[in-house]
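Enquirer: Predicted structure and sequence below. I'll ask about it afterward.
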Amino acid sequence: MIHDFSAIALMAVLGLAIGSFVNVLIYRLPIMIEQSWSDPTNTDAPILDLAFPSSHCPSCRHPIAWYDKLPLVGFLLLRGHCRHCFSRISWQYP
């Protein structure tokens with residue numbers, strides 16, 4: 001019984017982590033592809049890749065701390081709001 005619960009919990013955590021990464025891919029890959037097509041001499045445009053810039057609040061752009069990035073847990077603990085500006089964060093992110 002405990003073995004079954006731990007396997008289910010492990011699969012849930014793994015699923016949340018993979019889902020979180022896929023969400024980053026869905027958001028950033030089209031932007032990265034557009035950047036690769038644009039003028040390479042344009043140094044004014046911010047460079048975006050999978051690691052930079054790190055996750056941030058969509059409203060105030062403040063970086064999100066590592067402990068708030070825990071999939072679903074951080075979102076629920078903050079009740080769907082930014083820790084700094086208290087603006088609402090979409091359910092798309094968890």
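Expert: Arrived safely, thanks for sending.
Enquirer: end-to-end on stretch 65-83?
Expert: Stretch 65-83 has an end-to-end distance of 9 Å (Cα to Cα, to the nearest Å).
Enquirer: can you list contacts of that stretch?
Expert: Stretch 65-83 has contacts (Cβ atoms under 8 Å, 6 or more residues apart in numbering) with 16-17, 19-20, 55, 57, 59-60, 62, 64, 87-89, 91, 93-94. Every C-beta, even on glycine, is put in place using the N, C-alpha and C of the backbone.
Enquirer: before we move on, what about stretch 51-59?
Expert: Contacting residues not belonging to stretch 51-59 are listed as 24, 46, 62-64, 69, 82, 84-85, 87, 89-90 [Cβ under 8 Å, 6+ apart].
Enquirer: Flag the least confident of these.
Expert: Least confident by pLDDT among those: that is residue 46, with 65.
Enquirer: picking that back up, of the contacts of stretch 51-59, which belong to strands?
Expert: With strands taken from DSSP state E, there is no overlap with those.
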